[in-house]
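Trainee: need a structure here:
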Amino acid sequence: MGDPAGIGAEVTLKALAQPEWNSAETSQPLLVGCRRWLETSYQQLRRHGLEPLRDPAGLEIIDRPLAEPCRAGLTTPACGDASFTWLSDAVDLVQSGRCQALVTAPIAKASWHAAGHPYPGQTERLAELTGSPEASMLFTALAPAGQWRLNTLLATTHIPLAAVPQRLDAALIEHKLDALLAFCQRFSGSPHLVVAGLNPHAGEAGQLGREESTWLEAALDAWRHRHPQVQLEGPLPPDTCWLSAASAWKGSGPGPDGYLALYHDQGLIPVKLLAFDAAVNTTLGLPFLRTSPDHGTGFAIAGQGRARPDSMAAALRTARDLG
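Mentor: As a prediction, this is how the structure comes out:
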């Protein structure tokens, strides 16, 4: 259920109120969090006149009570400790076979750190809990017309921009392309993949950066040779790499099946511009599927009834359909 001071409860109760979750044939989610907090959130949202909302009384909840009361929009170390514990307990449920996939509401990294849990994010904690050191972060979104899916995998995630060139190498790119290919093959037998360059203009033959010419181009050529059935483009100039995605998102024909971004904002800026309410954060390389909304805790609007549930609804749907 994420940070209890954020919008996790609101977007979850709104998403689960949609008709697709009210069918007897639909597998229902198992929630991990504080029952009293969830019920209190429900009553507060109803006072805002919000409908529809899913009544927690009809949901199965693994109750892990908060150590102290929390206020919407004001996170504390206790909130960080709660969201950390809820995530760990949820992983146990999935790994035991009781559940088929994991959906996580947003957490506050600063609150985790204040509570003594120094992880860069949920992805890194999931990798530790499952013994999966090669976990990868991919964002997926189904275009409005429903005919094309935007898939963007990040080669590096929550690290400073200055550390990106030192983290990248041929072995990492090979691993990330393998993960992207495996995911895209769910939807296409012969995927078309695109890799962004690291530097402006993809280095412009070494004039604007040498990573492309000294090792990245060779790494992509070697991967192409091992996967002749895959159309692989790149490294492409980052400022035009996602133009094909923008066209496909608007319905102007199919786009590439997958994009590999070399650092966090390089991939997340186009994804959020095109698909902020539809994109789902998906962790690959775990022994189960994990999804999450592509937004944060929303502390500035928490408790006000203003949070949009679209991305949480997409995360739940993706976990149900692909898990």
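Trainee: how close does the residue of the chain most remote from its centre sit to residue 312?
Mentor: Ranked by distance from the centre of the chain (Cα atoms, centre = their mean), the top residue is residue 207, with 34.7 Å. With distances taken as Cβ to Cβ, to the nearest Å, residue 207 is found 45 Å from residue 312. C-betas here are computed from N, CA, C, even on glycine.
Trainee: phi, psi of residue 102?
Mentor: Per-residue torsions, residue 102: phi -120, psi 130 (degrees, to the nearest 10).
Trainee: isn't it right up against residue 91?
Mentor: Yes: counting by Cβ atoms under 8 Å, residue 102 touches residue 91, with 6.7 Å between them.
Trainee: any shared contact partners between the two?
Mentor: residue 126 (Cβ atoms under 8 Å, 6 or more residues apart in numbering).
Trainee: what's in contact with stretch 84-97?
Mentor: The contact list for stretch 84-97 (Cβ under 8 Å, 6+ apart) reads 1-2, 30, 32-33, 62, 64, 99-102, 104, 107, 112, 115, 117, 122, 125-126, 129-130, 287-288.
Trainee: name the residues of it that are buried.
Mentor: 84, 85, 86, 87, 88, 90, 91, 94 (16 or more other Cβ atoms under 10 Å).
Trainee: now that stretch, how far from the centre of its chain.
Mentor: Here stretch 84-97 is found 18 Å from its chain centre; the criterion is Cα atoms, centre = their mean, to the nearest Å.
Trainee: tell me where the stretch 51-200 of the chain has strands.
Mentor: For the stretch 51-200 of the chain, the strands defined by DSSP state E, counting those that start in this stretch occupy 60-63, 101-103, 136-142, 149-154, 192-196.
Trainee: including mean neighbour count and mean pLDDT, could those strands go into CSV?
Mentor: Output for the strands of the stretch 51-200 of the chain, formatted as CSV (neighbours: other Cβ atoms under 10 Å; pLDDT from 0 to 100):
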stretch, mean neighbour count, mean pLDDT
strand 60-63, 14, 96
strand 101-103, 23, 97
strand 136-142, 24, 93
strand 149-154, 24, 96
strand 192-196, 23, 98
